[in-house]
Structures are given as structure tokens and as C-alpha cells.
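Novice: any chance you could fold what I've pasted below:
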Amino acid sequence: MDLSTTYLGRRLRTPLVPSASPLSEGVDQLRRMEDAGASAVVLPSIYEEQIEEQDRRFTEDLERGTESFAEAITYAPRLADIPLGPEAYLDHVRRAKEALGIPVFASINGSTPGGWTSYAAKIEQAGADGIELNMYDIPTDPRRSGAQVEARYLQTVRSVRSAVKIPLAVKLSPFFSSLAGFAIELVEAGVDGLVLFNRFFQPDIDIEDLKVEPSMSLSTSESLRLPLRWIAILRGLTKASLGATGGIHTGVDAIKAVMAGADAAFLCSVLLKQGVRRIKEIEVEMARWMEDKGYDCLARMKGTLSHARVENPSAYERALYIGALTARAKTGAR
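Specialist: Numbers count the residues shown, from 1 in each chain. Down below sits the predicted model:
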């Protein structure tokens, strides 16, 4: 059974890729994921705030005491005294590449243009096969228009794109007024792939202690419906790689993502819940389903149920919403 696919220009044995999470922080765990069948891995995100904070502290340490006396201008701090968080991340990329025989994609979490974007070049030099730019931002300023928000994202993407030659994917949120149009603009700005969707941190409110609490809920298979719809719509609009993330827990979930048009199916919550062995189990479930349905390779079914190829494309649009409400009303009436 040929489950191979191509994502960001890399040939993958299967579309199953562990996404950025604490599971990929250690090289030993990365090896276990490769042994369990992972066709590639995405390392945890390095945040723009971490990169900028290191630069700020480095500058402060270099300048500290330079006005005390003339000779102090030659003073430099011991490297051991400077935080090396971002440097440790680069070392993690290098060690992962040395240890694994599958593609290693780095992840940067950032959304604002700035000097931190040059860090992408260091990731490329460390040996990463590609970069996933995780665009996480909550625009709260009412004076900023949607067009301004998109323009800042595009500027950030262009900055990173100009710094590296390796493939670049953008992990998007679904909260854009014209998602299809913005996705195409990102591709035109130099993006090689789109990962749908970023799952936002959603705070909760503790009414006993009267405080806001951090909260992160894991996905379920139901979460897959939103990325399925948009991958199906975008598959006919762009040749860029498409990755589905959020809600892939079973072989059936992965099959749905591929039939909608996904090139890669990212796994996170299911691995946190059930362990990395689940990767191989999902692969086996996919192969069994394909054998039962007469498919001998993944390529034959990729995108077969995308927006551009189904008999009723409106099923991905408003008509499905109306039909679902009508069916629900009839069920309730009984």
C-alpha cells in the first residue's frame, strides 16, 4: 500500500506528522516517534518574544559599565552569563537532524515584523528542512482594520521569506474575513504551504477566586470539520502544500483530510492522550480502509472530495448550513 505524499517539497512515507508540541522537545522522544512511523516531525515553537528578549539582554550586557571608565569599552560579559534559549533551540535542530532520517521542520511563533525574523536564517543554517511560521495574534485594537492586520502578517511573511531559501509554511487561524483571498496572498508572498488551523489559547474565568485562568483543551475528531472545509476549498485554488491540524485522532480522520486535499495530517492531541505508538496504529487503520475500498495509493484519492471535484460544491458553502438546520429541525419535530 503506497501511502506516500509530498509536503513542502519533501517526499514523505505517509502523511502522518507529529506537530509542534512538548512531545518533540527531546531527541529521544523524536526517535521514538520516528520508530512509531512518523514521516516527519515539527519541533516545538520558538517565540518571537524569546528571540527579542535574548537580543535585548545581550545588548544590555555588552553596554553595561562602558561609561564607567575609558578602558571599560573593551569589556564583554562571559557567554555563560547570557541566556541562550534561542541558541539552545538551534542546537536542538542540529541534534534532531543528526539523529533522525526523516525531515525535521522547525517552528517559529510570531506575528509582528521585526529583527527576530532574521533568526529564521540561523534555523536554516542549523539544518532544518523547512520552517512552520505559527501566526498567533489577537488583534484587540479597534482602530486597526482587517486589511491592516493582514498587511502586517504579509510583511512578517516576506521578512522571513527573504531570510531563508528552505520551504516556508504558515500556520493560520480561521478568523479572517476573507480566508481564501488571504491564503492566496500568503502564497503569492512566497509561502510554500498552509497549515489549517492554529488552535488558539482560550482563557477561562474562575468565578470563585475572581481571576482569569489559562486554559488549553485538547482536540477531538469533531474539531476536524473546520479545517476539512477550508482545505477542500483551498485545494482547487492553490498548488501550495496543505496541512490539516486539529482533530486527527483515527485513520478515518486522516483519510478525510487527504480526500479533502491535505498533503499532511498533523497529530498532536491524540499523541498526548494515547502516546506516540498511536502513529503506527493510525497508519494501519488508513491502509486497511484503502484496501477495503480498492485504493492502492494515497495519490489516487487525494482531493477527490475537494470543493473543485465534488458534484455539489455548494455543500462546502451556505447550502450545507441550510440543509443541516433543516434536517435538525425535522429530527427535533419527531
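
Novice: can we go C-alpha only for contacts and neighbour counts from here?
Specialist: Fine.

Novice: surely Pro139 and Val149 touch.
Specialist: Yes - at 7.4 Å, Pro139 counts as touching Val149 under the criterion of C-alpha atoms under 8 Å.

Novice: those two: which is more packed in?
Specialist: Comparing Pro139 with Val149 by other C-alpha atoms under 10 Å, the one with more neighbours is Val149, at 16 against 11.

Novice: just checking, what packs against the helix or strand hosting the more buried one?
Specialist: Val149 is part of helix 146-163 when elements are defined by DSSP states H and E. Helix 146-163 sits against helix 119-126, helix 179-188, with contacts defined as 3 or more C-alpha pairs under 8 Å, 6 or more residues apart in numbering; DSSP states H and E.

Novice: tell me the pLDDT of the closest residue to Leu237 other than its chain neighbours.
Specialist: Distances taken as C-alpha to C-alpha, 6 or more residues apart in numbering put Ile184 closest to Leu237, at 7.8 Å, once the chain neighbours are dropped. What the model reports for Ile184 is a pLDDT of 97.

Novice: quick one: distance of stretch 151-167 to the chain centre.
Specialist: 16 Å (C-alpha atoms, centre = their mean, to the nearest Å).

Novice: ok, and what's touching it?
Specialist: Taking contacts as C-alpha atoms under 8 Å, 6 or more residues apart in numbering, the residues outside stretch 151-167 that touch it are 8-9, 111-114, 117-118, 120-121, 124, 129-131, 135, 168, 185-186, 189-193.

Novice: buried residues in that stretch?
Specialist: For stretch 151-167, the neighbour count (16 or more other C-alpha atoms under 10 Å) marks 153-161, 163-164, 166-167 as buried.

Novice: and if you look at stretch 130-142?
Specialist: The neighbour-count criterion (16+ other C-alpha under 10 Å) identifies Gly130, Ile131, Glu132, Leu133, Asn134, Met135, Tyr136 as the buried residues of stretch 130-142.

Novice: first to last residue in it, what's the distance?
Specialist: Counting by C-alpha to C-alpha, to the nearest Å, the length from the leading to the trailing residue of stretch 130-142 is 35 Å.

Novice: which residues in the stretch 151-300 of the chain form strands?
Specialist: Taking DSSP state E, counting those that start in this stretch as the criterion, the stretch 151-300 of the chain carries its strands at 168-172, 193-196, 204-206, 211-213, 241-245, 264-267.

Novice: just put those in a markdown table and tack on mean pLDDT and mean neighbour count.
Specialist: A markdown table is the format used below for the strands of the stretch 151-300 of the chain (pLDDT from 0 to 100; neighbours: other C-alpha atoms under 10 Å):
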| stretch | mean pLDDT | mean neighbour count |
| --- | --- | --- |
| strand 168-172 | 97 | 25 |
| strand 193-196 | 98 | 25 |
| strand 204-206 | 90 | 11 |
| strand 211-213 | 90 | 11 |
| strand 241-245 | 98 | 28 |
| strand 264-267 | 98 | 27 |
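
Novice: looking at those strands, which is closest to Glu285?
Specialist: Closest of the strands of the stretch 151-300 of the chain to Glu285 is strand 264-267, at 13.9 Å (criterion: C-alpha to C-alpha).
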